[in-house]
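Enquirer: Next come a sequence and a model predicted from it.
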Amino acid sequence: MIVSSFGHPDQITIFSTSRDVNLIISPFICYLVQIFFAVRLFRFSRSWLLAIICCVLGGVSFVGTLVDASQALNRQNMSGNMNAQYWLTILSLVSGAVCDVIITGSLVFYLRKQRAMVKISR
């Protein structure tokens, strides 16, 4: 299909039902995982600030991904401007990555701190 439609992007269809469902479910799963680890981060650090920052960054990523997904679902083929919301895609990817880095770095810090305290108490 792609080879026979080379040079004619309007003839290439890119969506199936399973891909449509994946576009909608993936942001929900990603946001739920980020919230789960933000709660764990709060339990280790007792810092509302870190947890709220992670939830806000995850929320920005979630909303941006859903907007991108809704625009992708409205597309019928590959023709047209594929980068119409380029800034939104970059914003959602960067906010999700920053959220993941904050969660990972903070959890490593607090887990090592807790481990050191356990070794001292022995």
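Expert: It's in. Numbers count the residues shown, from 1 in each chain.
Enquirer: Next, the buried residues of the helix or strand hosting Val21.
Expert: Assessed by DSSP states H and E, Val21 sits inside helix 17-45. For helix 17-45, the neighbour count (16 or more other C-beta atoms under 10 Å) marks 23, 27, 30-31, 34-35, 37-38, 40-42, 44-45 as buried. Quick note: C-beta positions are derived from backbone N, CA and C, even for glycine.
Enquirer: What of stretch 87-101?
Expert: Neighbour count says stretch 87-101 has 89, 92, 95-96, 98-100 buried, by 16+ other C-beta under 10 Å.
Enquirer: repeat for stretch 67-77
Expert: Buried residues in stretch 67-77 (16+ other C-beta under 10 Å): 68-69.
Enquirer: Could you find the closest non-adjacent residue to the residue nearest the centre of the chain?
Expert: For the chain, Gly96 is the residue whose C-alpha lies nearest the centre (C-alpha atoms, centre = their mean; 4.6 Å). Nearest non-adjacent residue to Gly96, counting by C-beta to C-beta, 6 or more residues apart in numbering: Ser61, 3.5 Å away.
Enquirer: What are the neighbouring residues in contact with that neighbour?
Expert: 27, 30-31, 34, 92-93, 95-96, 99 (C-beta atoms under 8 Å, 6 or more residues apart in numbering).
Enquirer: quick check: longest helix of this structure.
Expert: Criterion DSSP state H: the longest helix present in the chain is helix 86-121.
Enquirer: From the contact counts, what lies against that one?
Expert: Contacts defined by 3 or more C-beta pairs under 8 Å, 6 or more residues apart in numbering; DSSP states H and E place helix 86-121 against helix 17-45, helix 48-74.
Enquirer: Tell me what angle that helix forms with helix 17-45.
Expert: 40 degrees (axes from the mean of the first three to the mean of the last three C-alpha atoms, to 10 degrees).
Enquirer: and Arg46, what are its phi and psi?
Expert: Note on Arg46: backbone dihedrals following degrees, to the nearest 10 are phi 60, psi 30.
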